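Visitor: here's a sequence, model it:
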Amino acid sequence: MEIILKQDIPKLGNKDDILDVKTGYATNYLIPQGMAIRATATAKKILAENKRQQAHKEERFRAEALEIAKKLEGTKLTIGAKTSSKGKIFGSVTNIQIAEELEKIGFNIDRKKIFFDSVKEIGEYKATISLFKDIKSEIDFEVISE
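Guide: Residues are numbered from 1 along each chain as shown. Take a look at the predicted model:
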């Protein structure tokens, strides 16, 4: 029986895959659990249209991410932190602080997309921002004593 998966299923396939499985497996497990639907002609047309629309949306998001990456190129942030006399930071610099500094200069980027190694001392560092699946941008930031 031919089915269309509605979600990723380990060792079987990914969402929107059209697969041929045994009839009992499809009718007794996959379809009642809401994991798949029958691959009728209508369902296949709907799937093709949804994939086309999804590709169009992804293309638009990719273009926006590339534009943001170009604007971020060469950006340098300065982050103030309370420090000891030896230059050690009380606590550490977080991605929330980077996101706030980016927002001040006009970039609204989710903090969960900002990655960098732990920062516990004054100095210059790099952060990687994941803008889209395969589009990443690096920014420099400097930690100074307040």
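Visitor: can you pull the phi/psi pair for K113?
Guide: The phi/psi pair for K113 (degrees, to the nearest 10) reads phi -100, psi 10.
Visitor: and what of L77?
Guide: The phi/psi pair for L77 (degrees, to the nearest 10) is phi -110, psi 150.
Visitor: again with R52
Guide: Main-chain dihedrals, R52, degrees, to the nearest 10: phi -60, psi -40.
Visitor: next, count neighbours for it.
Guide: For R52, the neighbour count with other C-beta atoms under 10 Å is 9. Any C-beta I mention is one placed from the backbone N, CA and C, and that applies to glycine too.
Visitor: try I3
Guide: Around I3 there are 24 other residues, counting by other C-beta under 10 Å.
Visitor: now A81
Guide: A81, neighbours per other C-beta under 10 Å, totals 19.
Visitor: also I96?
Guide: Using other C-beta under 10 Å, I96 has 10 other residues around it.
Visitor: distance of A69 relative to I135?
Guide: 6 Å (C-beta to C-beta, to the nearest Å).
Visitor: what's the answer for R38, then?
Guide: Note on R38: its distance to I135, by C-beta to C-beta, is 37 Å.
Visitor: what's the domain layout of this protein?
Guide: Domain segmentation of the chain under automatic domain parsing yields 2-64, 68-145.
Visitor: comparing the ones you listed by mean pLDDT, which bottoms out?
Guide: Lowest mean pLDDT within the domains of the chain: domain 68-145, at a mean of 90.
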